[in-house]
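**Student:** give me the fold of what follows.
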Amino acid sequence: MRARPALSLMLCAGTLTGCGFLQDMAAPHAAEAAPSATVAPAPPSPTPLPDRVVASAVIGDDRGFPGPFDGTVTVSVRPLAAGLPFDLGGSFGADCGVDAAGDPRYMAVDITFENRSRSVASLAATLAAVDTAPAGDRTGDFGLFIESSSGDRYCQDGDRTPAADHFDVANSAGGEVTVTAYLVTEASVRPDGATPEDAFTDLTLQLTGLRNTAYSAPELVTVGDWAVRGFSSGSSCQDDPDSICAGLG
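**Tutor:** All right, here's what the predicted structure looks like:
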């Protein structure tokens, strides 16, 4: 919106004494004007907590190294958040029996597959959250849900707190793709005195059954398993050298 033209100039043109009188009245008292109130600066916004990498591994074709396929898998967790994960769709709360009044919390888990192969490759795996707390020390129920682009509704099989799910993501040569899983818990299922963070402290994330399901290399006619070549963080799961495990505590 444009500002209105200053009316004082037009009034001065028709009534010379009037404008002069106003100016004379204003000048002697200019120094006596009340000091303007000092506005306290707004406190700085808190710095968001960074994502935390809990596992990072180099993977390759299990039929030989170096082979036609290789890449990296990185598992990172975001800070605990209040509410429900919006990426799971509007019906998630109702379908899975999660009450917004029950103080739900969630933790996002990002699994990033970087394809360093010379052709299209995929990462298919089962992601599970395993409770490693001693018997009787469970600090709340939780469910693990992997985001889906297919529009599938969650909890339709009756399991409202699944501890595992499967995913399969493909990626072009030299590309990177991320799939996100959500660990969800409710305050109403936590023992007295337990904090929201306690529900995830004793959980270990497990990526097992790593497979490459892309038929993109002419010299390969069948899908193959991924072999884990090394870790920069995390480790293989017990008795499974080609798996990836990382604790959340």
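**Student:** check the separation of the first and last residues in stretch 167-176.
**Tutor:** Terminal residues of stretch 167-176 lie 15 Å apart, using CA to CA, to the nearest Å.
**Student:** and that stretch, average pLDDT?
**Tutor:** Model confidence over stretch 167-176, given as mean pLDDT, is 87.
**Student:** enumerate the positions of that stretch that are buried.
**Tutor:** By 16 or more other CB atoms under 10 Å, the buried positions in stretch 167-176 come out as 167, 169-171. Using the backbone N, CA and C atoms, a C-beta is placed for each residue, glycine as well.
**Student:** do stretch 232-242 as well
**Tutor:** By neighbour count on 16+ other CB under 10 Å, the buried set for stretch 232-242 is 234, 236-237, 242.
**Student:** tabulate the buried residues of stretch 167-176 in JSON lines, adding columns for secondary structure and distance to G90.
**Tutor:** Formatted as JSON lines, the buried residues of stretch 167-176 follow (DSSP: H, G, I helix; E, B strand; the rest coil; distance: CB to CB, whole Å):
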{"residue": "F167", "secondary structure": "strand", "distance to G90": "22"}
{"residue": "V169", "secondary structure": "strand", "distance to G90": "24"}
{"residue": "A170", "secondary structure": "strand", "distance to G90": "28"}
{"residue": "N171", "secondary structure": "strand", "distance to G90": "29"}
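**Student:** re earlier: between the buried residues of stretch 232-242, which is closest to N115?
**Tutor:** D242 (17.6 Å; CB to CB).
**Student:** I'd guess D87 is in a strand, am I close?
**Tutor:** No - looking at D87 with DSSP: H, G, I helix; E, B strand; the rest coil, it is helix, so not inside a strand.
**Student:** from A94, how far off is S148?
**Tutor:** Distance of S148 to A94, given as CB to CB, to the nearest Å: 17 Å.
**Student:** of the two, who's got more company?
**Tutor:** When S148 and A94 are compared for neighbours, S148 comes out ahead with 15 against 11, by other CB atoms under 10 Å.
**Student:** for the more buried one, which three-state class applies?
**Tutor:** Of the three states, S148 takes coil according to three-state DSSP.
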